[in-house]
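Participant: My questions concern the predicted model and sequence given below.
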Amino acid sequence: MTNGYRYIGKDTARKDARDIVTGKARFFDDIKIPGMLYGKVKRSPHAHANITRIDTDRARCMPGVRAVLTHTDIPRWEWGMPKHIPILDSKVRFVGDAVALVAADTPDIAEAALDLINVEYEPLPAVYDVEAAMQIDTSPIYAQFAHNTYPDEPPSFEPEMLGHIRIGDVQKGFDEADFTIEDTCGYEIFPNPLPPEPPGFIATWETPDCLTVYTPSQSIAQVRLIGIPFIGMADIRAISTQCGGSYGTKNANLTPMGYAAVLAKATGKPVKVYFTKEEHFHSYSLRLGSRVRARVGIKKDGTLSAISGVWMVNTGSGSESGPLQIAVGLGEVQLVLRCANWDLKGKLVCTNRSPSGIVRGYGGQELESSILPIIGRAMEKAGINPVDFFKKNSVKPGNGYFWREGKWWTYRGIDFNTAIDKGAATFGWKEKWKGWGKPTAIHGNKRIGVGVGVHSNADVGEDSSEATVKLTADGRAVVYCCVSEAGLGQRSSLCKMAAEVLDLPLERVTLSPPDTQLNPFELGLVGSRGTYAVGSAVIAAAEDARKKLLEIAAHRFKSTADQLETENGKIYMVGRPDKKLAWHRIMGVYHSVTGEGRFEPDYSLCNFLMTFVEVEVDTETGQVVLTRMVNATDAGQVIAPKVLEGQLHGAFGSAGLDTALFEETVLDETSGRMLNGNMVDYKWRTFADLPDVKNVILETPMPSHRFKAVGVGEIATSPGPSAVLMAVYNAIGTRIASYPVTATKILNALGKR
Amino acid sequence: MNTRQNDPEQERRTIHLKVNDKDYALAIGDTVGAVAPSDTLAHTLRETLGLTGTKISCDQGSCGACTVIMNGKSILSCMTLTIECDGARIITIEGLADPATGQLHPLQQAFVDNSAFQCGFCTPGILMSTKALVDQNPHPTRDAIQHALSGHFCRCISHYEVVDAVCQATTTEGDHD
Ligand code: FES
Ligand code: FES
């Protein structure tokens, strides 16, 4: 499409493409620091136990071992939200929790030393279910959290944080309802987003007060931001390597950093801690467990009149970011379920499962996947088609909502109904939808059903961002913005935006390395903020640099800055392109020109995605196959077409749609062990199994920044799970209210077992 | 490859590899730079030879990240012991582009053109399997491509772009339809 832009909306090779396809890209395990030691973790076989004795003598004496640490050897540094997760403790809280740490000359020696550590435990009763955990009144998992429930107090950085949606009068709303539904639905499968590269940190103390860390990160500045209070307020320089996938998990999980930091302190050497795949499965971030008990009032015309209830969030053995995920989830649900009367409260609870944390979808996917099946029952009562329902009840210009920081915002963006209509037409929704609980078609044993899910997010303008752009005399530009590359292509997209503003060849625009020492503050590529929030800061910095340059040039041209243009590193007067002066003639070879840009949070714009799915259920075997998916969105303006398509294809993976079909972690409740914590037993989508997929991406200019775009890639995983549940119901006519829809559940539902 | 050495005892204790057309003779043992009997080929390539383009993800033979080509076949280097590879010809991701000009292999170029990766951690392994496939079958169908790559974990879901890229690199007048 021709949009008048030089790069925006056009496919350009990612800046790191060559490095990726030649193996030159430096991921975490490709980095070595001279003198580096290797850290390993002794882990608990118990789900909940007090440590009564640890004998480390034999391990300490092993040749090549440089340090062995237990909870009595280290400071009690804590992280998490609220701060409560220690590096090591006198008790263990899940199978795979850390008990002791070893640093040695080689990974093999460190590993061997772990076997020489003897630990005695006093096992304690363990709890895995969210409601059972809330009922425990003696000896909770953390002494400070009675009933295993985290306090309602908001954190200091967000004093009004949303933890409870209270709008209007729910009693009145239920009185006005034509139908009322009460139900409970859970999305409690604790799937692992499972980036291919496990998490890791190298830590080295440059001085007693300054820690340098290298880690594959999605948001390297967060490591510094939340890491400093974690390690007793020492300074941190955080550097990101190329990141081999994150999907949210490599943002704020400081577990491996704590291990590396204390081992580096004890040995005076750089220490690398790199999780094995097994540790990655058992002892890192899973998706939050979510259970909603709700009452929903609906009118005959599909108007929601009241929603009340409680959202119980099971964060496993520790909360990485639970309160903020609840806040964002509660914000997001208002964007897809417009309703005048709300009383929905979030509750954050810990259990003895492996820890849960930040995963793509960030609370919203968890809440939607639990509440939308209940809303679906209400739609069925009212006899309304779900596509019509979401067209009516998704956010429209002028609608208001409470966002995560507790303030009321009014949406000022575009109407997404056109995207819904285009998506529905592409999918063939009208022809395929036969009514609630009714199959689209029956072919022998095979029943076809269709469903839809939605997600919308006002985090496109989340948090602050800073950037600078330096123009050099040789006609190049460097963007300084603290952005790491975890697969989103955003480092390249930001260069495109700067190149577009400066009218420079893309090869002459580079982005600084992701290092907190070199760059101004930029929170990181969390949520969907890359395009609008981060993009705005970069655009502003490039515009500022351009303006400063042209002001200097104005003297030379004896004109005003607005009569001048710059193109490919040369300046000319508008209408006189024949008389060009190169930048070095303007600024002099001993100078550079730097512009600054800043973005402040703006929650008045949203993104939106509707996912249409078609499933085929085999009533003999119980097998459910996804045959077709259409994603429909409006991105305002696409920056990098193939990159966006790829992210939308990501809907299946990283604990997304496939959590409704086959992904889950399976827990043995007698031992607390995860039974499928390896890549053979954990199910994932292969190349052999690719459904027909189509992305419908509209470009209706969005009032964001000069390129009229908002980010949408992150939310691809979110609408899928509830859409699949809906489609399966329609295929077989019996409702399955839990994830994933395994063959056993289908056969049970059909009365065939 | 030179297999004639003077000291047969020493010879018995040496592993010869030809990696990306370069010959290596590695002593067996546990000194620095030697190959320990327990070393996997993935470990030797990355840690001993410094060829870190080969990735290790699961280290247990179930994700395909560590795939390299040995004697013309794609293999999982995390499941292969280096001491079993004496005399092997190995190609890794570092050996795919033209060594003299640096020009990308057509498959690599197609991956670049199609953005056939997101995080890129799975990409070296996928490229090596693809190379092994097209060496055998220069014009594979979409099905054959999907089948050949079915052991590769790509969590970002770049599958569609990967299959498109391989088709693009191997098409002669629109087969694949
Ligand atoms: S690393 Fe070798 S198969 Fe996964
Ligand atoms: S591109 Fe990230 S796993 Fe394949």
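Facilitator: The structure has been received and is ready for your questions. Ligands and ions are numbered 1, 2, ... in the order given.
Participant: Check the secondary structure at residue A:629 for me.
Facilitator: strand (DSSP: H, G, I helix; E, B strand; the rest coil).
Participant: count of neighbours near it?
Facilitator: Residue A:629 has 25 neighbouring residues, counting by other C-beta atoms under 10 Å in any protein chain shown. The way it works is simple: take the backbone N, C-alpha and C, and place the C-beta from them, glycine included.
Participant: correct me, but it touches residue A:690?
Facilitator: No: Residue A:629 is beyond contact range of residue A:690, at 10.4 Å (criterion: C-beta atoms under 8 Å).
Participant: Which positions within stretch B:28-39 qualify as buried?
Facilitator: B:28, B:34-36, B:39 (16 or more other C-beta atoms under 10 Å in any protein chain shown).
Participant: Sort out for me which of those residues are in helices.
Facilitator: Nothing among these maps onto helices, per DSSP state H.
Participant: of the residues you listed, closest to ligand 2?
Facilitator: residue B:39 (25.9 Å; C-beta to the nearest ligand atom).
Participant: Not including adjacent chain positions, what is the nearest residue to the closest one?
Facilitator: In space, and not counting its chain neighbours, residue B:39 is closest to residue B:82: 4.9 Å by C-beta to C-beta, 6 or more residues apart in numbering or on different chains.
Participant: Quick check: phi and psi on the residue most central in space within chain B?
Facilitator: The centre of chain B sits closest to residue B:68, judged by C-alpha atoms, centre = their mean, with a distance of 1.9 Å. Backbone geometry at residue B:68, expressed as degrees, to the nearest 10, gives phi -130, psi 170.
Participant: how deep is the closest residue to ligand 1 within chain A tucked in, by neighbour count?
Facilitator: Nearest residue of chain A to ligand 1, counting by C-beta to the nearest ligand atom: residue A:679, 7.0 Å away. A count of nearby residues for residue A:679, using other C-beta under 10 Å, gives 22.
Participant: Count residues in the vicinity of the closest residue to residue A:197 other than its chain neighbours, would you?
Facilitator: Closest residue to residue A:197 apart from its sequence neighbours, by C-beta to C-beta, 6+ apart: residue A:244 at 2.6 Å. A count of nearby residues for residue A:244, using other C-beta under 10 Å, gives 28.
Participant: re earlier: got CSV for the buried residues of stretch B:28-39, with pLDDT and distance to ligand 1 too?
Facilitator: Converted to CSV, these look like this (pLDDT from 0 to 100; distance: C-beta to the nearest ligand atom, whole Å):
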residue, pLDDT, distance to ligand 1
B:28, 96, 22
B:34, 94, 22
B:35, 96, 18
B:36, 95, 18
B:39, 97, 14
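Participant: and which of the residues you listed is nearest to residue A:387?
Facilitator: residue B:39 (57.5 Å; C-beta to C-beta).
Participant: Could you tell me which residues make contact with the closest one?
Facilitator: B:48, B:81-83 (C-beta atoms under 8 Å, 6 or more residues apart in numbering or on different chains).
Participant: Repeat that for residue A:610.
Facilitator: By C-beta under 8 Å, 6+ apart, the neighbours of residue A:610 are A:387, A:390, A:416, A:419-420, A:423, A:452-454, A:631-633, A:719.
Participant: Show only the entries of those found in strands.
Facilitator: Counting by DSSP state E, the part of the contacts of residue A:610 found in strands is A:452-454, A:631-633.
Participant: So which of those residues is the closest to chain B?
Facilitator: For the ones in strands among the contacts of residue A:610, the minimum distance to chain B (C-beta to the nearest C-beta) is 11.9 Å, reached by residue A:631.
Participant: Now do the contacts for the closest one.
Facilitator: With C-beta under 8 Å, 6+ apart, residue A:631 has these contacts: A:423, A:609-612, A:648, A:651, A:693-696, A:716.
Participant: related to what we said a few turns ago, could you export the buried residues of stretch B:28-39 as TSV, including distance to ligand 2?
Facilitator: Below are these laid out as TSV (distance: C-beta to the nearest ligand atom, whole Å):
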residue	distance to ligand 2
B:28	35
B:34	33
B:35	30
B:36	30
B:39	26
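Participant: of the contacts of residue A:631, buried ones?
Facilitator: A:423, A:609-612, A:648, A:651, A:693, A:695-696, A:716.
Participant: Could you dump those residues into a markdown table and include pLDDT and distance to residue A:133?
Facilitator: Shown next, in a markdown table, are these (pLDDT from 0 to 100; distance: C-beta to C-beta, whole Å):
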| residue | pLDDT | distance to residue A:133 |
| --- | --- | --- |
| A:423 | 98 | 40 |
| A:609 | 98 | 33 |
| A:610 | 98 | 35 |
| A:611 | 98 | 32 |
| A:612 | 98 | 37 |
| A:648 | 97 | 36 |
| A:651 | 97 | 32 |
| A:693 | 98 | 39 |
| A:695 | 98 | 40 |
| A:696 | 98 | 42 |
| A:716 | 97 | 32 |
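Participant: for ligand 1, what are the nearby residues on chain B?
Facilitator: B:56-59, B:61-66, B:76, B:78 (C-beta under 6 Å from any ligand atom).
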